[in-house]
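Asks: need the 3D shape of this:
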Amino acid sequence: MSDRHIVFATSGSFEQPQRMFLSPVLDRWPASPTPTHRPMLLDVLLQELEQGGGDDPAPMAGVALVALGQGTPASYVDRLVEGLHRRHLPAVVQLPAAGDWQSFQRHGVIFTTLDADPRHVSAMLYALAERQGAVRLLAREVQLAHRCQGGIRLEMDRMHEELHLAAAIQREFTASTVPTLPGLEIAVLYRPVNFVSGDIYSLRDLGNGKAAFFIADAVGHGVPAALLTMVLTASLTTSVPDATGRLTPLEPSEVLARLNTRMCASCFGSGRFATAVYGVVDSATRTATIAGAGHPMPVVLSSRAPREVETSGPLLGVFGEATFDQVVVPLAEDETLLVYTDGLENAFPPPAGVSPASRERREAWIREIATASRGAGQGLSGVLARMKDLVDGQAGSLHHPDDVTALCIAPTRAAA
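Replies: As a prediction, this is how the structure comes out:
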(Lines give C-alpha, C1' and ligand atoms only; values in the text may rest on other atoms or scores of the structure.)
Protein backbone atom coordinates (compact mmCIF):
# COMPACT_ATOMS: atom_id res chain seq x y z
CA MET A 1 0.00 0.00 0.00
CA SER A 2 1.31 3.46 -0.93
CA ASP A 3 2.38 6.03 1.62
CA ARG A 4 -0.07 8.36 -0.13
CA HIS A 5 -2.98 6.71 1.60
CA ILE A 6 -5.03 8.19 4.43
CA VAL A 7 -6.56 6.08 7.17
CA PHE A 8 -9.46 8.19 8.38
CA ALA A 9 -11.01 7.32 11.75
CA THR A 10 -13.61 9.01 13.92
CA SER A 11 -15.09 8.32 17.34
CA GLY A 12 -18.59 7.98 15.85
CA SER A 13 -19.99 11.12 17.46
CA PHE A 14 -20.06 13.14 14.23
CA GLU A 15 -22.66 13.38 11.43
CA GLN A 16 -21.10 13.09 7.98
CA PRO A 17 -17.52 13.05 9.37
CA GLN A 18 -15.92 12.67 5.94
CA ARG A 19 -17.56 15.88 4.74
CA MET A 20 -16.50 17.72 7.90
CA PHE A 21 -12.86 16.58 8.16
CA LEU A 22 -11.59 14.39 5.32
CA SER A 23 -13.00 16.06 2.21
CA PRO A 24 -11.62 19.56 3.02
CA VAL A 25 -8.16 18.01 3.52
CA LEU A 26 -8.28 16.10 0.23
CA ASP A 27 -9.53 19.20 -1.63
CA ARG A 28 -6.47 21.11 -0.43
CA TRP A 29 -3.86 18.38 -0.95
CA PRO A 30 -0.60 20.07 -1.99
CA ALA A 31 0.29 17.65 -4.83
CA SER A 32 -1.24 15.30 -7.38
CA PRO A 33 -2.60 12.71 -7.32
CA THR A 34 -4.94 12.98 -4.37
CA PRO A 35 -4.26 10.16 -1.89
CA THR A 36 -6.59 7.22 -1.49
CA HIS A 37 -8.45 6.92 1.78
CA ARG A 38 -10.14 4.36 3.99
CA PRO A 39 -12.71 5.46 6.60
CA MET A 40 -13.33 3.50 9.81
CA LEU A 41 -14.44 3.89 13.39
CA LEU A 42 -11.89 4.49 16.13
CA ASP A 43 -12.47 1.04 17.66
CA VAL A 44 -11.56 -0.63 14.35
CA LEU A 45 -8.37 1.45 14.03
CA LEU A 46 -7.37 0.56 17.59
CA GLN A 47 -7.78 -3.14 16.83
CA GLU A 48 -5.59 -2.87 13.73
CA LEU A 49 -2.93 -0.93 15.61
CA GLU A 50 -2.85 -3.45 18.46
CA GLN A 51 -2.55 -6.41 16.13
CA GLY A 52 0.57 -7.31 14.17
CA GLY A 53 2.15 -9.50 16.89
CA GLY A 54 5.67 -9.41 18.22
CA ASP A 55 7.58 -6.76 20.07
CA ASP A 56 8.49 -4.92 16.87
CA PRO A 57 5.61 -5.27 14.33
CA ALA A 58 5.84 -4.09 10.74
CA PRO A 59 5.00 -0.41 10.15
CA MET A 60 1.58 0.42 8.70
CA ALA A 61 1.58 2.17 5.34
CA GLY A 62 0.19 5.65 4.80
CA VAL A 63 -0.83 8.30 7.28
CA ALA A 64 -3.80 8.66 9.62
CA LEU A 65 -6.33 11.44 10.19
CA VAL A 66 -8.29 10.92 13.40
CA ALA A 67 -11.19 13.10 14.56
CA LEU A 68 -12.32 12.58 18.16
CA GLY A 69 -15.52 13.98 19.61
CA GLN A 70 -16.13 15.60 22.97
CA GLY A 71 -17.04 12.41 24.79
CA THR A 72 -14.05 10.30 23.74
CA PRO A 73 -12.46 8.74 26.90
CA ALA A 74 -8.86 9.68 27.65
CA SER A 75 -7.97 5.99 27.78
CA TYR A 76 -8.87 5.71 24.10
CA VAL A 77 -6.51 8.54 23.28
CA ASP A 78 -3.76 6.81 25.28
CA ARG A 79 -4.31 3.57 23.38
CA LEU A 80 -4.37 5.46 20.10
CA VAL A 81 -1.05 7.19 20.73
CA GLU A 82 0.62 3.98 21.93
CA GLY A 83 -0.66 2.07 18.89
CA LEU A 84 0.44 4.76 16.42
CA HIS A 85 3.92 4.78 17.92
CA ARG A 86 4.06 0.98 17.93
CA ARG A 87 3.13 0.65 14.28
CA HIS A 88 5.13 3.71 13.17
CA LEU A 89 1.98 5.25 11.67
CA PRO A 90 2.14 9.07 11.54
CA ALA A 91 -1.11 10.87 12.28
CA VAL A 92 -2.89 14.17 12.79
CA VAL A 93 -5.34 13.84 15.67
CA GLN A 94 -8.09 16.45 15.90
CA LEU A 95 -9.87 16.75 19.25
CA PRO A 96 -11.49 19.43 21.39
CA ALA A 97 -8.75 19.90 24.05
CA ALA A 98 -5.66 19.50 21.87
CA GLY A 99 -3.49 21.45 24.29
CA ASP A 100 -3.91 18.78 26.97
CA TRP A 101 -2.08 16.30 24.77
CA GLN A 102 0.84 18.42 23.58
CA SER A 103 3.31 16.46 25.72
CA PHE A 104 2.47 13.34 23.67
CA GLN A 105 3.20 15.13 20.37
CA ARG A 106 6.24 13.24 19.13
CA HIS A 107 7.28 10.50 16.72
CA GLY A 108 5.00 11.75 13.99
CA VAL A 109 1.79 12.16 16.05
CA ILE A 110 0.45 15.76 15.88
CA PHE A 111 -2.49 17.09 17.93
CA THR A 112 -4.66 19.93 16.70
CA THR A 113 -8.16 21.26 17.30
CA LEU A 114 -11.35 20.15 15.55
CA ASP A 115 -11.69 23.55 13.89
CA ALA A 116 -8.12 23.64 12.56
CA ASP A 117 -7.66 25.12 9.09
CA PRO A 118 -7.94 22.23 6.53
CA ARG A 119 -5.01 23.71 4.61
CA HIS A 120 -2.77 23.31 7.65
CA VAL A 121 -4.02 19.77 8.33
CA SER A 122 -3.48 18.86 4.66
CA ALA A 123 0.06 20.25 4.71
CA MET A 124 0.92 18.34 7.88
CA LEU A 125 -0.41 15.04 6.49
CA TYR A 126 1.44 15.59 3.22
CA ALA A 127 4.74 16.19 5.05
CA LEU A 128 4.21 13.10 7.21
CA ALA A 129 3.45 10.99 4.13
CA GLU A 130 6.57 12.21 2.35
CA ARG A 131 8.82 11.23 5.25
CA GLN A 132 7.19 7.84 5.81
CA GLY A 133 9.42 6.03 3.32
CA ALA A 134 12.51 6.98 5.32
CA VAL A 135 10.76 6.03 8.59
CA ARG A 136 9.88 2.60 7.26
CA LEU A 137 13.46 2.06 6.06
CA LEU A 138 14.80 3.02 9.49
CA ALA A 139 12.26 0.72 11.15
CA ARG A 140 13.51 -2.20 9.04
CA GLU A 141 17.09 -1.34 9.98
CA VAL A 142 16.12 -1.30 13.67
CA GLN A 143 14.42 -4.68 13.32
CA LEU A 144 17.52 -6.09 11.67
CA ALA A 145 19.72 -4.60 14.40
CA HIS A 146 17.50 -6.22 17.07
CA ARG A 147 17.79 -9.59 15.37
CA CYS A 148 21.58 -9.20 15.10
CA GLN A 149 21.73 -8.14 18.74
CA GLY A 150 19.81 -11.25 19.73
CA GLY A 151 22.20 -13.42 17.74
CA ILE A 152 25.21 -11.71 19.27
CA ARG A 153 23.76 -12.13 22.75
CA LEU A 154 23.25 -15.85 22.17
CA GLU A 155 26.80 -16.17 20.85
CA MET A 156 28.19 -14.29 23.86
CA ASP A 157 26.21 -16.51 26.22
CA ARG A 158 27.59 -19.58 24.45
CA MET A 159 31.16 -18.26 24.70
CA HIS A 160 30.55 -17.37 28.35
CA GLU A 161 29.47 -20.94 29.10
CA GLU A 162 32.42 -22.36 27.17
CA LEU A 163 34.87 -20.17 29.09
CA HIS A 164 33.31 -21.25 32.38
CA LEU A 165 33.74 -24.86 31.30
CA ALA A 166 37.32 -24.20 30.13
CA ALA A 167 38.13 -22.60 33.49
CA ALA A 168 36.69 -25.58 35.35
CA ILE A 169 38.68 -28.00 33.19
CA GLN A 170 41.89 -26.01 33.71
CA ARG A 171 41.36 -25.99 37.48
CA GLU A 172 40.66 -29.73 37.54
CA PHE A 173 43.58 -30.53 35.25
CA THR A 174 46.08 -28.36 37.10
CA ALA A 175 44.69 -28.66 40.63
CA SER A 176 47.39 -29.01 43.25
CA THR A 177 47.07 -29.80 46.95
CA VAL A 178 49.46 -28.02 49.28
CA PRO A 179 51.65 -30.72 50.91
CA THR A 180 52.25 -30.83 54.64
CA LEU A 181 55.94 -30.85 55.65
CA PRO A 182 57.29 -30.96 59.20
CA GLY A 183 58.74 -27.63 60.22
CA LEU A 184 57.69 -25.81 57.04
CA GLU A 185 54.65 -23.87 55.87
CA ILE A 186 53.60 -23.41 52.24
CA ALA A 187 50.94 -20.98 51.01
CA VAL A 188 49.78 -19.83 47.57
CA LEU A 189 48.18 -16.64 46.23
CA TYR A 190 46.50 -17.29 42.86
CA ARG A 191 44.40 -14.70 41.02
CA PRO A 192 43.59 -15.17 37.32
CA VAL A 193 42.58 -12.05 35.40
CA ASN A 194 39.98 -13.86 33.26
CA PHE A 195 38.13 -17.16 33.31
CA VAL A 196 41.27 -19.04 32.33
CA SER A 197 44.82 -18.19 33.32
CA GLY A 198 48.25 -18.10 31.69
CA ASP A 199 49.80 -18.76 35.11
CA ILE A 200 50.15 -22.20 36.61
CA TYR A 201 51.51 -23.59 39.85
CA SER A 202 52.02 -27.15 40.97
CA LEU A 203 52.98 -28.67 44.33
CA ARG A 204 53.96 -32.33 44.74
CA ASP A 205 54.83 -34.28 47.87
CA LEU A 206 58.02 -36.22 47.09
CA GLY A 207 58.09 -38.04 50.42
CA ASN A 208 60.91 -38.08 53.01
CA GLY A 209 60.03 -34.52 54.05
CA LYS A 210 60.54 -33.11 50.57
CA ALA A 211 58.13 -31.31 48.24
CA ALA A 212 58.46 -30.00 44.69
CA PHE A 213 57.06 -26.64 43.61
CA PHE A 214 56.59 -25.38 40.07
CA ILE A 215 55.41 -21.97 38.85
CA ALA A 216 55.15 -21.04 35.18
CA ASP A 217 53.84 -18.11 33.15
CA ALA A 218 52.83 -18.83 29.54
CA VAL A 219 53.25 -16.07 27.00
CA GLY A 220 50.07 -14.13 26.28
CA HIS A 221 46.67 -14.20 27.92
CA GLY A 222 43.35 -15.96 27.65
CA VAL A 223 42.62 -19.33 26.09
CA PRO A 224 45.91 -19.77 24.11
CA ALA A 225 48.00 -19.17 27.22
CA ALA A 226 45.71 -21.43 29.27
CA LEU A 227 46.12 -24.25 26.75
CA LEU A 228 49.89 -23.85 26.98
CA THR A 229 49.72 -24.17 30.77
CA MET A 230 47.99 -27.52 30.32
CA VAL A 231 50.78 -28.61 27.97
CA LEU A 232 53.28 -27.60 30.66
CA THR A 233 51.42 -29.59 33.30
CA ALA A 234 51.17 -32.69 31.13
CA SER A 235 54.84 -32.45 30.14
CA LEU A 236 56.24 -31.93 33.65
CA THR A 237 58.36 -34.93 34.67
CA THR A 238 59.70 -34.69 38.22
CA SER A 239 60.96 -38.23 38.82
CA VAL A 240 62.10 -41.31 36.92
CA PRO A 241 62.31 -45.00 37.92
CA ASP A 242 65.70 -46.30 39.00
CA ALA A 243 67.15 -49.77 38.37
CA THR A 244 64.86 -51.25 41.02
CA GLY A 245 61.77 -49.56 39.66
CA ARG A 246 61.51 -47.02 42.46
CA LEU A 247 60.84 -43.42 41.45
CA THR A 248 63.81 -41.15 42.00
CA PRO A 249 63.24 -37.36 42.03
CA LEU A 250 65.09 -35.44 39.34
CA GLU A 251 67.22 -32.41 40.05
CA PRO A 252 65.44 -29.12 39.30
CA SER A 253 67.84 -28.33 36.45
CA GLU A 254 67.06 -31.70 34.83
CA VAL A 255 63.30 -31.19 35.26
CA LEU A 256 63.44 -27.89 33.37
CA ALA A 257 65.72 -29.37 30.70
CA ARG A 258 63.28 -32.21 30.04
CA LEU A 259 60.34 -29.81 30.03
CA ASN A 260 62.14 -27.51 27.60
CA THR A 261 62.81 -30.42 25.24
CA ARG A 262 59.12 -31.37 25.26
CA MET A 263 58.12 -27.75 24.73
CA CYS A 264 60.45 -27.31 21.76
CA ALA A 265 59.18 -30.53 20.19
CA SER A 266 55.51 -29.58 20.70
CA CYS A 267 55.62 -25.84 19.94
CA PHE A 268 58.38 -25.65 17.33
CA GLY A 269 57.98 -22.53 15.21
CA SER A 270 54.70 -21.51 16.88
CA GLY A 271 56.19 -18.69 18.96
CA ARG A 272 54.73 -20.22 22.11
CA PHE A 273 57.03 -20.14 25.12
CA ALA A 274 56.90 -19.77 28.88
CA THR A 275 58.92 -18.75 31.90
CA ALA A 276 59.17 -21.07 34.88
CA VAL A 277 60.75 -21.84 38.24
CA TYR A 278 61.05 -25.39 39.58
CA GLY A 279 62.41 -26.26 42.98
CA VAL A 280 62.57 -28.87 45.71
CA VAL A 281 62.29 -27.90 49.36
CA ASP A 282 63.73 -30.16 52.06
CA SER A 283 62.24 -29.78 55.52
CA ALA A 284 65.11 -31.66 57.18
CA THR A 285 67.82 -29.30 55.94
CA ARG A 286 65.46 -26.34 55.58
CA THR A 287 66.80 -25.60 52.11
CA ALA A 288 65.27 -25.07 48.69
CA THR A 289 67.04 -26.14 45.49
CA ILE A 290 65.81 -23.92 42.64
CA ALA A 291 66.24 -23.70 38.86
CA GLY A 292 64.75 -20.97 36.68
CA ALA A 293 63.86 -20.49 33.01
CA GLY A 294 63.67 -16.80 32.12
CA HIS A 295 61.45 -16.25 35.16
CA PRO A 296 61.50 -13.35 37.66
CA MET A 297 64.05 -14.11 40.37
CA PRO A 298 62.64 -15.50 43.63
CA VAL A 299 63.07 -13.32 46.71
CA VAL A 300 63.93 -14.21 50.31
CA LEU A 301 62.06 -11.95 52.75
CA SER A 302 63.23 -11.46 56.31
CA SER A 303 63.54 -8.91 59.08
CA ARG A 304 66.67 -7.78 57.31
CA ALA A 305 67.00 -6.52 53.76
CA PRO A 306 65.33 -8.84 51.20
CA ARG A 307 67.67 -10.74 48.93
CA GLU A 308 67.11 -12.10 45.44
CA VAL A 309 67.87 -15.64 44.31
CA GLU A 310 69.59 -15.48 40.95
CA THR A 311 68.64 -18.31 38.59
CA SER A 312 69.98 -18.55 35.06
CA GLY A 313 68.27 -20.26 32.18
CA PRO A 314 66.52 -19.31 28.92
CA LEU A 315 62.79 -19.32 28.21
CA LEU A 316 61.10 -22.68 27.84
CA GLY A 317 60.33 -23.68 24.27
CA VAL A 318 62.96 -21.55 22.50
CA PHE A 319 66.31 -23.39 22.50
CA GLY A 320 66.12 -27.16 22.35
CA GLU A 321 69.64 -27.75 23.72
CA ALA A 322 69.42 -25.22 26.54
CA THR A 323 70.89 -25.99 29.95
CA PHE A 324 69.62 -24.75 33.30
CA ASP A 325 71.61 -24.05 36.43
CA GLN A 326 70.29 -24.57 39.94
CA VAL A 327 71.03 -22.90 43.25
CA VAL A 328 70.57 -24.01 46.87
CA VAL A 329 68.78 -21.49 49.12
CA PRO A 330 68.98 -22.01 52.91
CA LEU A 331 66.06 -20.58 54.90
CA ALA A 332 66.71 -19.11 58.32
CA GLU A 333 64.00 -19.18 60.98
CA ASP A 334 62.84 -15.66 60.17
CA GLU A 335 63.00 -15.95 56.37
CA THR A 336 60.29 -16.55 53.78
CA LEU A 337 60.94 -17.67 50.20
CA LEU A 338 58.70 -15.86 47.69
CA VAL A 339 58.34 -17.30 44.17
CA TYR A 340 55.99 -15.38 41.87
CA THR A 341 54.98 -14.55 38.31
CA ASP A 342 55.47 -11.11 36.80
CA GLY A 343 51.77 -10.33 37.38
CA LEU A 344 52.64 -9.61 41.01
CA GLU A 345 55.33 -7.17 39.95
CA ASN A 346 53.05 -5.52 37.37
CA ALA A 347 50.40 -4.94 40.02
CA PHE A 348 52.65 -2.26 41.54
CA PRO A 349 52.92 0.95 39.50
CA PRO A 350 56.44 2.37 39.27
CA PRO A 351 57.24 5.33 41.52
CA ALA A 352 57.23 8.77 39.95
CA GLY A 353 60.23 9.30 37.71
CA VAL A 354 61.23 5.61 37.75
CA SER A 355 61.25 3.53 34.56
CA PRO A 356 58.93 0.47 34.64
CA ALA A 357 61.83 -1.78 33.61
CA SER A 358 64.41 -0.31 35.96
CA ARG A 359 66.13 -1.96 38.87
CA GLU A 360 64.84 0.79 41.17
CA ARG A 361 61.22 -0.09 40.34
CA ARG A 362 61.83 -3.76 41.21
CA GLU A 363 63.55 -2.87 44.50
CA ALA A 364 60.69 -0.51 45.40
CA TRP A 365 57.87 -3.06 45.19
CA ILE A 366 59.98 -5.77 46.85
CA ARG A 367 60.54 -3.40 49.79
CA GLU A 368 56.78 -2.82 50.02
CA ILE A 369 56.04 -6.54 50.17
CA ALA A 370 58.89 -7.14 52.63
CA THR A 371 57.60 -4.39 54.92
CA ALA A 372 54.06 -5.79 54.78
CA SER A 373 55.32 -9.32 55.44
CA ARG A 374 57.26 -8.27 58.54
CA GLY A 375 54.10 -6.78 60.03
CA ALA A 376 51.93 -9.83 59.29
CA GLY A 377 50.75 -12.16 62.02
CA GLN A 378 49.20 -15.64 61.95
CA GLY A 379 52.06 -17.23 60.00
CA LEU A 380 52.03 -17.44 56.23
CA SER A 381 48.26 -16.89 56.15
CA GLY A 382 48.96 -13.46 57.58
CA VAL A 383 51.70 -12.84 55.03
CA LEU A 384 49.35 -13.79 52.17
CA ALA A 385 46.53 -11.65 53.60
CA ARG A 386 48.81 -8.62 53.83
CA MET A 387 50.09 -9.28 50.32
CA LYS A 388 46.50 -9.45 48.96
CA ASP A 389 45.62 -6.16 50.63
CA LEU A 390 48.77 -4.56 49.28
CA VAL A 391 48.10 -5.75 45.72
CA ASP A 392 44.48 -4.59 45.87
CA GLY A 393 45.55 -1.23 47.21
CA GLN A 394 47.97 -0.75 44.31
CA ALA A 395 46.05 -2.06 41.29
CA GLY A 396 42.47 -2.54 42.49
CA SER A 397 40.88 -5.91 43.16
CA LEU A 398 38.74 -5.94 39.99
CA HIS A 399 41.12 -4.98 37.19
CA HIS A 400 44.54 -6.53 37.64
CA PRO A 401 46.68 -6.04 34.52
CA ASP A 402 47.95 -9.64 34.59
CA ASP A 403 47.46 -12.99 36.30
CA VAL A 404 48.93 -12.91 39.81
CA THR A 405 50.51 -16.02 41.32
CA ALA A 406 52.76 -16.11 44.38
CA LEU A 407 54.12 -19.07 46.37
CA CYS A 408 55.53 -18.60 49.87
CA ILE A 409 57.61 -21.12 51.86
CA ALA A 410 58.80 -20.46 55.41
CA PRO A 411 59.99 -22.36 58.48
CA THR A 412 57.15 -22.89 60.91
CA ARG A 413 58.90 -21.02 63.71
CA ALA A 414 59.38 -17.98 61.46
CA ALA A 415 55.74 -18.12 60.37
CA ALA A 416 54.56 -18.25 63.96
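Asks: okay, and for the stretch 301-416 of the chain, where does confidence drop off?
Replies: Applying pLDDT under 70 to the stretch 301-416 of the chain flags residues 353, 356-357, 374-379, 394-401, 413-416.
Asks: can you give me the helices for it?
Replies: Under the criterion DSSP state H, counting those that start in this stretch, the stretch 301-416 of the chain carries helices at the ranges 342-346, 359-374, 379-395, 412-415.
Asks: quick one, which of those helices gets closest to R204.
Replies: Closest of these to R204 is helix 379-395, at 18.8 Å (criterion: C-beta to C-beta). The way it works is simple: take the backbone N, C-alpha and C, and place the C-beta from them, glycine included.
Asks: just list what that closest one packs against, helices and strands only.
Replies: strand 184-191, helix 359-374, strand 404-411, helix 412-415 (3 or more C-beta pairs under 8 Å, 6 or more residues apart in numbering; DSSP states H and E).
Asks: just the strands in the stretch 151-300 of the chain please.
Replies: Along the stretch 151-300 of the chain, counting by DSSP state E, counting those that start in this stretch, strands occupy 184-191, 199-207, 210-218, 239-241, 247-249, 274-282, 287-293, 299-301.
Asks: what's the closest non-adjacent residue to G320?
Replies: Leaving aside its sequence neighbours, G320 sits nearest to C264 (C-beta to C-beta, 6 or more residues apart in numbering; 4.1 Å).
Asks: neighbours of that neighbour, how many?
Replies: By other C-beta atoms under 10 Å, the residues close to C264 number 18.
Asks: go ahead and confirm it touches G317.
Replies: Yes: using C-beta atoms under 8 Å, C264 is in contact with G317, at 5.7 Å.
Asks: from what I see, L315 and A274 are in contact.
Replies: Yes: L315 lies in contact with A274 (C-beta under 8 Å); the separation is 6.9 Å.
Asks: which residues are in contact with both of the two?
Replies: A293 (C-beta atoms under 8 Å, 6 or more residues apart in numbering).
Asks: neighbour count winner among those two?
Replies: Just comparing L315 and A274: by other C-beta under 10 Å the higher neighbour count belongs to A274, 28 against 17.
Asks: show me what that one is bridged to.
Replies: Beta bridges link A274 to A218, L316 when assigned by DSSP bridges.
Asks: residues contacting it?
Replies: Contacts of A274 (C-beta under 8 Å, 6+ apart): 216-219, 228-229, 232, 263, 293, 315-317.
Asks: what of E345?
Replies: Counting by C-beta under 8 Å, 6+ apart, E345 makes contact with 296, 362, 365.
Asks: format these as CSV; extra columns: distance to Q16 and neighbour count.
Replies: Shown next, in CSV, are the contacts of E345 (distance: C-beta to C-beta, whole Å; neighbours: other C-beta atoms under 10 Å):
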residue, distance to Q16, neighbour count
P296, 92, 20
R362, 93, 19
W365, 89, 20
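Asks: break this protein into its domains for me.
Replies: 5-146, 176-415 (automatic domain parsing).
Asks: if we can go back for a sec, export the strands of the stretch 151-300 of the chain to a markdown table and tack on distance to L22?
Replies: Shown next, in a markdown table, are those (distance: least, C-beta to C-beta, whole Å):
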| stretch | distance to L22 |
| --- | --- |
| strand 184-191 | 72 |
| strand 199-207 | 76 |
| strand 210-218 | 75 |
| strand 239-241 | 96 |
| strand 247-249 | 98 |
| strand 274-282 | 80 |
| strand 287-293 | 87 |
| strand 299-301 | 89 |
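Asks: what's the longest helix in the chain?
Replies: The residue-count maximum for a helix in the chain (DSSP state H) belongs to helix 118-174.
Asks: which other helices and strands contact that helix?
Replies: Other elements packing on helix 118-174 under the criterion 3+ C-beta pairs under 8 Å, 6+ apart are helix 23-27, strand 63-67, strand 91-94, strand 109-112, helix 222-235.
Asks: now the residue nearest the centre of the chain: closest residue in space, sequence neighbours ignored.
Replies: Note on the chain: the residue nearest the mean C-alpha position is N194, at 7.8 Å, using C-alpha atoms, centre = their mean. Distance criterion C-beta to C-beta, 6+ apart; nearest residue to N194, sequence neighbours excluded, is G222 at 6.1 Å.
Asks: for that neighbour, what are its contacts?
Replies: G222 sits next to 194, 196, 198 when contact means C-beta under 8 Å, 6+ apart.
Asks: same thing with A64?
Replies: Contact analysis of A64 by C-beta under 8 Å, 6+ apart lists 6-9, 45, 84, 89-92.
Asks: surely A284 is in contact with L181?
Replies: No: A284 is beyond contact range of L181, at 9.4 Å (criterion: C-beta under 8 Å).
Asks: give me the more crowded residue out of the two.
Replies: Neighbour tally, A284 and L181, criterion other C-beta under 10 Å: the higher count belongs to L181, 19 against 12.
Asks: which residues does the closest residue to that one other than its chain neighbours contact?
Replies: In space, and not counting its chain neighbours, L181 is closest to S283: 4.2 Å by C-beta to C-beta, 6+ apart. Neighbouring residues of S283 by C-beta under 8 Å, 6+ apart: 181-184, 209-211.
Asks: so where's the stretch 1-150 of the chain uncertain?
Replies: Within the stretch 1-150 of the chain, the stretches with pLDDT under 70 are 1-3, 52-56.
Asks: returning to that earlier point: possible to save the helices and strands packed on helix 118-174 as CSV with distance to G133?
Replies: Listed next are those as CSV, based on distance: least, C-beta to C-beta, whole Å:
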stretch, distance to G133
helix 23-27, 21
strand 63-67, 12
strand 91-94, 17
strand 109-112, 18
helix 222-235, 47
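Asks: what's the closest of the ones you listed to Q326?
Replies: Nearest to Q326 among the helices and strands packed on helix 118-174 is helix 222-235; the distance by C-beta to C-beta comes to 18.6 Å.
Asks: what residues sit buried inside the closest one?
Replies: Residues of helix 222-235 classed as buried: 223, 225-233, 235 (neighbour count, 16 or more other C-beta atoms under 10 Å).
Asks: just the closest of those residues to T323, please.
Replies: Using C-beta to C-beta, S235 comes nearest to T323 of those, at 17.9 Å.
Asks: tabulate the contacts of A274 (a markdown table), appending distance to G62.
Replies: Shown next, in a markdown table, are the contacts of A274 (distance: C-beta to C-beta, whole Å):
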| residue | distance to G62 |
| --- | --- |
| A216 | 69 |
| D217 | 66 |
| A218 | 63 |
| V219 | 63 |
| L228 | 63 |
| T229 | 64 |
| L232 | 68 |
| M263 | 71 |
| A293 | 75 |
| L315 | 71 |
| L316 | 72 |
| G317 | 69 |
